[in-house]
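Trainee: Please work out how this folds:
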Amino acid sequence: MARYAAARRSAHRAVVPFAVIGLTITGFSITTGGAAVADDYPGEDQIAAARDAADGAAASVASLDAAIASLESALQDAEVASMTAAEDYQVALDTADTAKSELAEAEKRADDADAALALARRGLAGSAMQSYKNAGSMGSLEAITQADGFDDVISRTEAVNQASAKADVTVQEVSAAELVATTTRDYADKAAVKAADAEKAAAEALDTANAARASADQAVSDAEVARGAAVTKLAELRGVTEDLEQERQDGLAAERAAREQAAFEAEQERLAAQDYVIEVDHEVGGDTDSSTGGSNSTTTSTPKPTSTSTSSPKPTSSSKPTSTPKPTTTSTPRPTETSDPEPSETSTPKPTETSQPKPTETAEPEPETPSQSWSSTAAQGRSAAAWAVTKTGASYLLGGTGPAYDCSGLTMMAWSQAGEYITRSSRTQYNNVAHVSYSQIRAGDLVFYSSNGSAGSIYHVAMYIGNGQVMEATTPGHTAKVRSLYGWGTAHLMPYVGRP
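Mentor: As a prediction, this is how the structure comes out:
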């Protein structure tokens, strides 16, 4: 939580002596308790608990350390809630944009159909006039040209029966044109309703995102005050200065971050080992197709299947990127293993086994292999990363694609200038790129964050730029910046990076 370090230090210097901490906290509760969103944002319970710990006469060093650690979690929860709401808005905005495009196309088709109908009706009138000139009657002319519509024309069977063969064909053309015009206009009307609903949903999502941001800001403010009070009391209990206690708390926070990183890296090693076992098993079973050329993999053309413990597909850990796109795997999937039935003895059949046949053992289904492959080159990835870094210091704008950006707007534009189109929101970006192991991460790869490990709960994306660092646009009030890959949200990292 380095982003809040300056604010913390400012809060620590501003806190009052321990003798009046209780009064300070009580007064704070009175002044902020009436905020409209005070009870809505994540972490309020943790913040309140930290206040109580700092205000408690029997507070211990351990309880205060735990309260401060809980505040760190509360701050991240509030930030995640805000970023999730922002991502929901972006998805709603994409849906609204798509609906507007569909409406524009539907209206164009409806206008074209109306024009075709008008042309067909003019042809019908001309055909009637020609029929009259060639011996048709005024009755037939009136029957056709003075009718209210095609249905009325059809009802006047006497006039239609007297029309020439050409007029009969023209009537059929008008009938078809009217059907097309009616259908396309109906579709356009429905598209208009869909577009209006989508636009309303996007507006509501924006309101939610703004409220979530206000709540997160309030959580930061509340947590800083509660944390400052806890640090003050800790300093007194331990007989040290607040600055020394602050350094200790920073060290404890760094240790927590290191443990998260170690846990994530251990999981990556486990997944890599699991993938290796699966690939060797495939090779021994003869399931690989070494004849397929042009693959991004130089060891085997069979991508590694995904782990059943995660929701995201697993790439081939032996994949070495080249400028040639990875082809779809052509290997024959490994069949489901079933147990062979025990053979009956020819001399003495076993009645117990025949009367109670051994049930077929159903093996665990083979994990699906990744269906996508990347088309970008390493040079394009470096170009995207270099461009993204030039936007350091750019302002944040929800939905922004320049000169201010949000997280997915920055990654989309970075890859766009490198010659690769990717979609607009972080969730759709994840669903439309190849998933690659962290062991193969390279500049330009996309790093995704999810609140529960699923693609549907992704709320943030950053771009890896090399040397263990990422470039990102985060939230309002914070400019685009470079930071350590494991500097924030490590526990929420998706298990694979994305590569366009």
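Trainee: contacts, neighbours, all on C-alpha from now
Mentor: Will do.
Trainee: got the residue ranges for the strands in the stretch 301-450 of the chain?
Mentor: 434-436, 446-450 (DSSP state E, counting those that start in this stretch).
Trainee: looking at these, which is closest to Leu244?
Mentor: Leu244 lies closest to strand 446-450 among the strands of the stretch 301-450 of the chain, at 33.7 Å (C-alpha to C-alpha).
Trainee: Need the mean per-residue confidence for the closest one.
Mentor: For strand 446-450, the mean per-residue pLDDT is 96.
Trainee: pull the CA atoms of the following helix or strand past that strand into PDB?
Mentor: Next along the chain after strand 446-450, taking DSSP states H and E as the criterion, comes strand 458-466. C-alpha atoms of strand 458-466 as PDB (Å, rounded to 0.1, in the frame of the first residue of the first chain):
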ATOM      1  CA  ILE A 458     -11.800  -9.500 -13.200                       C
ATOM      2  CA  TYR A 459     -11.600  -5.800 -12.200                       C
ATOM      3  CA  HIS A 460      -8.100  -4.600 -13.300                       C
ATOM      4  CA  VAL A 461      -5.500  -5.100 -15.900                       C
ATOM      5  CA  ALA A 462      -1.900  -3.900 -16.000                       C
ATOM      6  CA  MET A 463       0.900  -4.300 -18.600                       C
ATOM      7  CA  TYR A 464       4.200  -6.100 -17.900                       C
ATOM      8  CA  ILE A 465       7.100  -4.000 -19.100                       C
ATOM      9  CA  GLY A 466      10.000  -6.200 -17.900                       C
END
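Trainee: for strand 458-466, packing partners?
Mentor: helix 61-133, helix 378-389, helix 407-417, helix 426-431, strand 446-450, strand 469-472 (3 or more C-alpha pairs under 8 Å, 6 or more residues apart in numbering; DSSP states H and E).
Trainee: Would you convert the ones you listed into a markdown table that also reports distance to Tyr459 and mean neighbour count?
Mentor: Output for the helices and strands packed on strand 458-466, formatted as a markdown table (distance: least, C-alpha to C-alpha, whole Å; neighbours: other C-alpha atoms under 10 Å):
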| stretch | distance to Tyr459 | mean neighbour count |
| --- | --- | --- |
| helix 61-133 | 5 | 20 |
| helix 378-389 | 19 | 21 |
| helix 407-417 | 9 | 25 |
| helix 426-431 | 7 | 22 |
| strand 446-450 | 6 | 25 |
| strand 469-472 | 13 | 25 |
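Trainee: Distance check, the closest residue to Leu234 other than its chain neighbours against Thr377.
Mentor: Once flanking residues are discounted, Leu234 sits nearest to Val61: 6.1 Å by C-alpha to C-alpha, 6 or more residues apart in numbering. Per C-alpha to C-alpha, to the nearest Å, Val61 is found 53 Å from Thr377.
Trainee: which residues in the stretch 101-250 of the chain form helices?
Mentor: Assigned by DSSP state H, counting those that start in this stretch, the stretch 101-250 of the chain shows helices spanning 138-145, 150-155, 157-162, 165-238, 242-284.
Trainee: tilt between the longest one and helix 61-133?
Mentor: In other words, helix 165-238. Here the directions of helix 165-238 and helix 61-133 differ by 170 degrees (axes from the mean of the first three to the mean of the last three C-alpha atoms, to 10 degrees).
Trainee: Show me which positions of stretch 483-500 end up buried.
Mentor: For stretch 483-500, a neighbour-count test (16 or more other C-alpha atoms under 10 Å) marks 483, 485-500 as buried.
Trainee: returning to that earlier point: out of the helices of the stretch 101-250 of the chain, the one nearest Asp111 is which?
Mentor: Among the helices of the stretch 101-250 of the chain, if distance is taken as C-alpha to C-alpha, the winner is helix 165-238, at 8.1 Å.
Trainee: State the pLDDT value of the closest residue to Gln429 other than its chain neighbours.
Mentor: Excluding its sequence neighbours, the residue lying closest to Gln429 (C-alpha to C-alpha, 6+ apart) is Thr423, at 5.4 Å. pLDDT for Thr423: 93.
Trainee: Give the burial count for Thr423, as a bare number.
Mentor: For Thr423, the count of nearby residues is 19 (other C-alpha atoms under 10 Å).
Trainee: ok, it to Val180 distance?
Mentor: Counting by C-alpha to C-alpha, the gap from Thr423 to Val180 is 34 Å.
Trainee: Where does pLDDT dip in the stretch 401-500 of the chain?
Mentor: Residues of the stretch 401-500 of the chain meeting the criterion pLDDT under 70: none.
Trainee: go on, the chain?
Mentor: In the chain, residues with pLDDT under 70: 1-41, 126-168, 275-372.
Trainee: Work out for me the element Val482 sits within.
Mentor: strand 481-484.
Trainee: Quick check: neighbours of that strand in the sheet, parallel or antiparallel?
Mentor: strand 469-472 (antiparallel) (DSSP bridges).
Trainee: what does the partner strand rub up against?
Mentor: With contact meaning C-alpha atoms under 8 Å, 6 or more residues apart in numbering, strand 469-472 is reached by 385, 388-389, 407, 410, 461-465, 480-485.
Trainee: closest to Arg427 among those residues?
Mentor: Once C-alpha to C-alpha is applied, the member of the contacts of strand 469-472 that ends up nearest Arg427 is Val461, at 8.6 Å.
Trainee: ok, that closest one touching Phe448?
Mentor: Yes - counting by C-alpha atoms under 8 Å, Val461 does reach Phe448; the two are 4.5 Å apart.
Trainee: Now for these two: what residues contact both?
Mentor: What both Val461 and Phe448 touch, as defined by C-alpha under 8 Å, 6+ apart, is the set Ser426.
Trainee: Go through stretch 443-460 and flag the buried ones.
Mentor: 443-451, 453, 455, 458-460.
Trainee: meant to ask about stretch 429-441
Mentor: Gln429, Tyr430, Asn432, Val433, Ala434, His435, Val436, Ser437, Tyr438, Gln440, Ile441.
Trainee: May I have that stretch exported as PDB, CA atoms only?
Mentor: Output in PDB follows, covering the C-alpha atoms of stretch 429-441 (Å, rounded to 0.1, in the frame of the first residue of the first chain):
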ATOM      1  CA  GLN A 429      -9.400  -8.600 -23.000                       C
ATOM      2  CA  TYR A 430      -8.800 -11.600 -20.800                       C
ATOM      3  CA  ASN A 431     -11.300 -13.700 -22.700                       C
ATOM      4  CA  ASN A 432      -9.800 -12.800 -26.100                       C
ATOM      5  CA  VAL A 433      -6.000 -13.200 -25.500                       C
ATOM      6  CA  ALA A 434      -3.900 -16.300 -25.200                       C
ATOM      7  CA  HIS A 435      -3.200 -17.400 -21.600                       C
ATOM      8  CA  VAL A 436       0.500 -17.900 -20.900                       C
ATOM      9  CA  SER A 437       2.400 -19.100 -17.900                       C
ATOM     10  CA  TYR A 438       4.200 -16.600 -15.700                       C
ATOM     11  CA  SER A 439       7.400 -18.500 -16.400                       C
ATOM     12  CA  GLN A 440       7.100 -17.200 -20.000                       C
ATOM     13  CA  ILE A 441       6.100 -13.700 -19.200                       C
END
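Trainee: Where does Pro476 sit: helix, strand or coil?
Mentor: Counting by DSSP: H, G, I helix; E, B strand; the rest coil, the backbone at Pro476 sits in coil.
Trainee: Phi and psi next, for it.
Mentor: Reported as degrees, to the nearest 10, the phi and psi values for Pro476 are phi -50, psi 140.
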